[in-house]
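Engineer: Kindly generate the corresponding structure for this input.
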Amino acid sequence: MAKRVYEVWKGRNKFFLGGRLIFGPDAKSLLATFSLIVVPVIIFCIFVGRHLRHEFSSYNAGYAVIVAAILYTIYVLVLLLLTSARDPGIVPRNAHPPEEEFTYETGGRQTPSLQFPRTKEVMVNGISVRVKYCDTCMLYRPPRCSHCSVCNNCVERFDHHCPWVGQCIGLRNYPFFFLFVSSSTLLCIYVFSMSAYYMKVLMNDNEGTGTVWGAMKESPASVVLMAYCFISLWFVGGLAGFHLYLISSNQTTYENFRYRSDNRYNVYNRGCINNFLEVFCTRIKPSRNKFRDLVQEVQQPPPAAARESATNDAGPEDRRVKVEDDLDIGGDLLKISQRHNFEGIESDIRSRGNDQ
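Structural biologist: Numbers count the residues shown, from 1 in each chain. The predicted structure is shown next:
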């Protein structure tokens with residue numbers, strides 16, 4: 001029975017729902033992230049929000065405190081799922097190296113050696129950019145693409161691998177990642193503010209708890225929530241601010257850390273406004289991988305023995321023409337190395353050079 005692409009996937013990703021959801025190999029960390037978001041909100045609703053139901057001028061307006069916390073938490077969790085459960089921009093692997101990039105050099109050896117360029121130049125916004133060859137995926141990485149050692153995939157516009165969401169952050173999930181981080185920051189501010197407001201309410205009541213210490217003893221949960229949100233803000237708030245800077249200058253985390261000391265010109269920077277429009281107002285490209293498609297059999301090249309036999313069966317004139325054709329277009333390394341009359345080929349190369 002034919003298998004589907006996700007069942008024979010060579011990366012370290014984990015698939016669910018028949019290949020509809022794709023996670024990184026550290027998807028279990030999502031449970032920790034989920035808990036860090038949901039548990040504080042539950043504590044807030046039970047020990048803080050519940051007591052603020054009737055603390056506003058409109059008697060039932062306080063219910064909005066709980067409803068807002070619940071709805072906004074659901075929104076944050078949806079962003080978390082959109083970040084971690086989708087293809088971040090994985091570049092499909094090649095079944096074999098790009099043969100058009102092969103070159104052959106003799107170098108005085110008995111057999112020609114295969115030369116494969118590790119880099120090549122491509123044009124980006126009218127400027128030449130060097131791209132590297134990936135041995136694992138057997139392809140030249142597109143500009144801004146990098147190979148993630150955790151997921152074992154080449155990812156377009158690779159930003160970083162985030163252990164908190166258990167997924168690479170790349171071209172197709174970066175907007176959701178930024179919205180998740182910034183929304184988590186706002187959620188921390190909301191819980192911190194409402195907890196501080198409840199402390200103020202307790203300090204102003206008439207039951208002898210008119211001091212900060214009395215309010216802290218009355219509602220220790222508020223103190224814990226405020227401390228937790230304050231610490232979390234240093235992490236998610238700082239991360240949101242850092243990515244605001246990256247978006248404004250059209251950089252990725254990988255580029256910022258790797259090329260910071262090079263002072264190289266950023267060919268992708270289109271101006272602050274256009275950079276934000278590129279991230280948030282550009283339609284997300286569809287995935288280049290059809291994980292649920294059936295695996296197609298790769299057409300294998302004919303065996304070397306068959307090709308050698310076909311070459312030997314040809315006449316002397318045909319062989320000479322074939323040699324010249326091989327020299328003209330680079331040929332196939334196997335076809336050249338299997339010929340025994342290599343000295344004749346070298347003399348032929350010299351004579352062709354003299355003719356030119």
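Engineer: got the CA coordinates for the longest strand anywhere in the chain in PDB?
Structural biologist: Counting residues, the longest strand in the chain under DSSP state E turns out to be strand 127-134. This file holds the C-alpha atoms of strand 127-134, laid out as PDB (Å, rounded to 0.1, in the frame of the first residue of the first chain):
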ATOM      1  CA  ILE A 127      22.300  43.100  -5.500                       C
ATOM      2  CA  SER A 128      24.200  39.900  -5.700                       C
ATOM      3  CA  VAL A 129      23.700  37.600  -2.700                       C
ATOM      4  CA  ARG A 130      25.600  34.400  -2.100                       C
ATOM      5  CA  VAL A 131      23.600  31.300  -1.300                       C
ATOM      6  CA  LYS A 132      25.000  28.000   0.100                       C
ATOM      7  CA  TYR A 133      24.500  24.400  -0.800                       C
ATOM      8  CA  CYS A 134      22.800  22.100   1.800                       C
END
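Engineer: helices or strands up against the helix or strand following that strand?
Structural biologist: Counting by DSSP states H and E, the next helix or strand C-terminal to strand 127-134 is strand 139-140. Where contact means 3 or more C-beta pairs under 8 Å, 6 or more residues apart in numbering; DSSP states H and E, strand 139-140 is packed against strand 127-134. Just so you know, the C-beta spots here come from the backbone N, C-alpha and C atoms, and that holds for glycine as well.
Engineer: Now the longest strand of the chain: buried residues?
Structural biologist: Residues Val131, Tyr133, Cys134 are the ones in strand 127-134 that count as buried (16 or more other C-beta atoms under 10 Å).
Engineer: pLDDT and distance to Val78 for these - can I get that in JSON lines?
Structural biologist: JSON lines is the format used below for the buried residues of strand 127-134 (pLDDT from 0 to 100; distance: C-beta to C-beta, whole Å):
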{"residue": "Val131", "pLDDT": "89", "distance to Val78": "35"}
{"residue": "Tyr133", "pLDDT": "91", "distance to Val78": "38"}
{"residue": "Cys134", "pLDDT": "91", "distance to Val78": "33"}
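Engineer: Cys168 belongs to a helix, doesn't it?
Structural biologist: No. Counting by DSSP: H, G, I helix; E, B strand; the rest coil, Cys168 is not found in a helix; it is strand.
Engineer: about what we covered before: now do the longest strand of the chain: distance to the chain's middle.
Structural biologist: Distance of strand 127-134 from its chain centroid, counting by C-alpha atoms, centre = their mean, to the nearest Å, is 18 Å.
Engineer: Which strands and helices lie in contact with it?
Structural biologist: strand 119-124, strand 139-140.
Engineer: quick one: which of those strands is nearest Phe257?
Structural biologist: Of all the helices and strands packed on strand 127-134, strand 119-124 sits nearest to Phe257, with 20.4 Å by C-beta to C-beta.
Engineer: quick one: buried residues of that closest one?
Structural biologist: Result for strand 119-124 [16+ other C-beta under 10 Å]: no buried residues.
Engineer: and for that strand, what are the contacting residues?
Structural biologist: With C-beta atoms under 8 Å, 6 or more residues apart in numbering as the test, strand 119-124 has contacts from Glu101, Ser128, Val129, Arg130, Val131, Lys132, Tyr133, Tyr140, Pro143, Val267, Tyr268.
Engineer: can you give me how far that strand is from the chain middle?
Structural biologist: Worked out by C-alpha atoms, centre = their mean, strand 119-124 lies 21 Å from the chain centre.
Engineer: Could you do stretch 141-151 as well?
Structural biologist: Averaging C-alpha positions (C-alpha atoms, centre = their mean) puts stretch 141-151 7 Å from its chain's average.
Engineer: just stretch 263-274 next, same as before
Structural biologist: Distance, centroid of stretch 263-274 to centroid of chain: 20 Å (C-alpha atoms, centre = their mean).
Engineer: now the end-to-end length of it.
Structural biologist: 22 Å (C-alpha to C-alpha, to the nearest Å).
Engineer: Just the residues contacting it, thanks.
Structural biologist: The contact list for stretch 263-274 (C-beta under 8 Å, 6+ apart) reads Val124, Asn125, Ile127, Val129, Arg144, Ser248, Ser249, Asn250, Gln251, Asn275, Glu278.
Engineer: next helix or strand past the helix or strand hosting Phe34?
Structural biologist: Phe34 belongs to helix 29-47 when assigned by DSSP H and E. Where DSSP H and E defines the elements, the next helix or strand beyond helix 29-47 is helix 63-84.
Engineer: List the buried residues for that following helix?
Structural biologist: In helix 63-84, counting by 16+ other C-beta under 10 Å, buried: 63, 65-66, 69, 72-73, 76-77, 79-84.
Engineer: same thing with stretch 87-102?
Structural biologist: Using 16+ other C-beta under 10 Å as the burial criterion, the residues of stretch 87-102 that qualify are Asp87, Pro88, Gly89, Ile90, Val91, Arg93.
Engineer: swap in stretch 157-175?
Structural biologist: The neighbour-count check on stretch 157-175 (16+ other C-beta under 10 Å) flags 157-162, 164-175 as buried.
Engineer: other SSEs contacting the longest helix along the chain?
Structural biologist: Taking DSSP state H as the criterion, the chain has its longest helix at helix 174-203. Contacts defined by 3+ C-beta pairs under 8 Å, 6+ apart place helix 174-203 against helix 29-47, helix 63-84, helix 212-218, helix 220-232, helix 238-249, helix 272-280.
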